[in-house]
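A.B. asks: Provided below are the primary sequence and the corresponding predicted coordinates.
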Amino acid sequence: MTDVAALDAADPLRGLRERFALPDGVIYLDGNSLGPPPKAAFAELERAAREEWGQGLIRSWNAAGWFTLTDSLGDRIARLVGAAPGETVVTDTTSINIYKVLHAALALRPDRSVILAEADSFPTDLYIAEGVAASRPGTGLRLAASHEPIESLIDARTAVVLINHVDYRTGVLRDMAALTARVRAAGALVVWDLCHSVGALPIDLNAAEADFAVGCTYKYLNGGPGAPAFVFAAQRHHAGLVQPLSGWWAHAEPFAMASKYRPAAGIRRLLCGTQPILSLRALQAALDVFDEVDLAELRAKSLSLTGLFIELLDPLCREFGLRIVTPRETQRRGSHVSVAFEHGYEVMQALIARGIIGDFRAPDIMRFGFTPLYLRHRDVLDAAKALADILQSGAWREPRFAVRSLVT
């Protein structure tokens, strides 16, 4: 059996676990949905609220640098996604940013009229794409079925391809460089959804020549519930960048109070309205942790954790009919492992009752997220043992575990 103690002793990231507030008796395997708080975030929020808001009041927009947080935090995320300074801003939500960049991409390809996306994409991506298509006469939305390579559907009408870097259900990692090259060769633009990859593995948007990208900051980046998202636009598109949510923060001179909109230069064109400063400050503390992280080491540990879990689950698959849907090939795997089981909801609730927190995605997927910053190999072993006991004992059959909560 794998020596988890030796793996943990050799882990170059092991000291980072102490930077997070993790409840006693809990193995947290849901950082792919909501990351835990960095301990420094509490002090950051306290200072921003009591000193800057409470004492500085409106002066803090200047004195505390509130107004430029979107830019400074965007540049810090740029390091994590392979973008240059000035190509990324932190703002709004993932859904709103998808809306903005799909409109921007369509405007850059006025002779084309089709948005192409995956039918199994994260639902908000599809809902927003539907809304964009409905708001632009003549624009259509085409969906690639799960058995169809999305690149095979690109044709002369395709303006933009919206695609997830890591599939939220299966954990499949896309080859960003290869797919981007196919899209660009066909004359279309690409929007990458990085929600399930940023903060868990190295990303290089500019090396891949990506056009746009969006992502959230409350999963692997640990920015807090509802933390603002980010949006990337390659510098080559900035001069022609237009989007419909032309709010005052995206104005060239927001405090000139002009009656006519004039867009700001560069990436600030993708801003909209006043930003949630307290949430931005919590994110600032979360990003401080990443200043100490080598992304290659992060990826290596992620693959070690997920690989160990898959190894430990194989006997349970044979005995109880579980099915691992996440790829075993390391180059195709993100940082969560998804397991299909008919009674997956009940099993997950039984695990949560024991302090092993993952989540469930309909119709039958148990998801286990492995965040390298704070998880240990021994956590993986303990979680697998708990899962085995729940299946072998039939504990998941207790009626209380079948009661569906609003959030799964």
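C.D. replies: Perfect, thanks for sending it. Residues are numbered from 1 along each chain as shown.

A.B. asks: If we ignore the residues flanking it in sequence, what's nearest Ala5?
C.D. replies: Arg378 (7.0 Å; C-beta to C-beta, 6 or more residues apart in numbering). All C-beta atoms are positioned from the backbone trio N, CA, C, and that covers glycine.

A.B. asks: How many neighbouring residues does the one you found have?
C.D. replies: When neighbours are counted by other C-beta atoms under 10 Å, Arg378 registers 13.

A.B. asks: pLDDT value on it, please?
C.D. replies: Note on Arg378: pLDDT of 98.

A.B. asks: Please determine how far it is located from Val4.
C.D. replies: Per C-beta to C-beta, to the nearest Å, Arg378 is found 5 Å from Val4.

A.B. asks: domain parsing for the protein?
C.D. replies: 4-30+294-402, 43-290 (automatic domain parsing).

A.B. asks: what about those domains, which gets the closest to Pro36?
C.D. replies: When those are compared by C-beta to C-beta, domain 4-30+294-402 sits nearest Pro36, at 5.1 Å.

A.B. asks: could you list every residue that touches Leu194?
C.D. replies: 81, 165, 203, 213-215 (C-beta atoms under 8 Å, 6 or more residues apart in numbering).

A.B. asks: The residue nearest to Ala5: which element?
C.D. replies: In this assignment (DSSP states H and E), Arg378 forms part of helix 377-393.

A.B. asks: Using CSV, write out every CA atom in that helix.
C.D. replies: The C-alpha coordinates for helix 377-393 follow below in CSV (Å, rounded to 0.1, in the frame of the first residue of the first chain):
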residue,chain,number,x,y,z
HIS,A,377,-2.4,12.2,1.5
ARG,A,378,-3.6,10.9,4.9
ASP,A,379,-6.9,12.8,4.4
VAL,A,380,-7.3,10.9,1.1
LEU,A,381,-6.7,7.6,2.8
ASP,A,382,-9.1,8.4,5.7
ALA,A,383,-11.8,9.5,3.2
ALA,A,384,-11.5,6.3,1.2
LYS,A,385,-11.7,4.2,4.4
ALA,A,386,-14.9,6.0,5.4
LEU,A,387,-16.4,5.5,2.0
ALA,A,388,-15.6,1.8,2.2
ASP,A,389,-17.2,1.5,5.6
ILE,A,390,-20.4,3.3,4.5
LEU,A,391,-20.8,1.0,1.5
GLN,A,392,-19.9,-2.2,3.4
SER,A,393,-22.1,-1.5,6.3
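
A.B. asks: Can you name the residues in contact with that helix?
C.D. replies: Taking C-beta under 8 Å, 6+ apart as the rule, helix 377-393 contacts 2, 4-5, 7-8, 11, 27, 29, 304-305, 308-309, 312-313, 315-316, 319-320, 322, 347, 350-351, 354, 356, 368, 370, 395-396.

A.B. asks: Next: stretch 236-243.
C.D. replies: Under C-beta under 8 Å, 6+ apart, the answer for stretch 236-243 is 100-101, 103-104, 107-108, 211-212, 233, 263, 265-267, 269-270.

A.B. asks: Ok, stretch 143-154 next?
C.D. replies: For stretch 143-154, contacts defined as C-beta under 8 Å, 6+ apart pick out 116-120, 126, 142, 161, 163, 179, 182-183, 186, 188.

A.B. asks: Stretch 275-289 now?
C.D. replies: Against stretch 275-289 from outside (C-beta under 8 Å, 6+ apart): 16, 19, 35, 37-38, 40-41, 43-45, 47-49, 53, 66, 69-70, 73, 76-77, 90-91, 217, 221-224, 226-228, 249, 373.

A.B. asks: If we go by neighbour counts, what in the strand or helix carrying Ala104 is buried?
C.D. replies: Assessed by DSSP H and E, Ala104 sits inside helix 94-108. Using 16 or more other C-beta atoms under 10 Å as the burial criterion, the residues of helix 94-108 that qualify are 94-106, 108.
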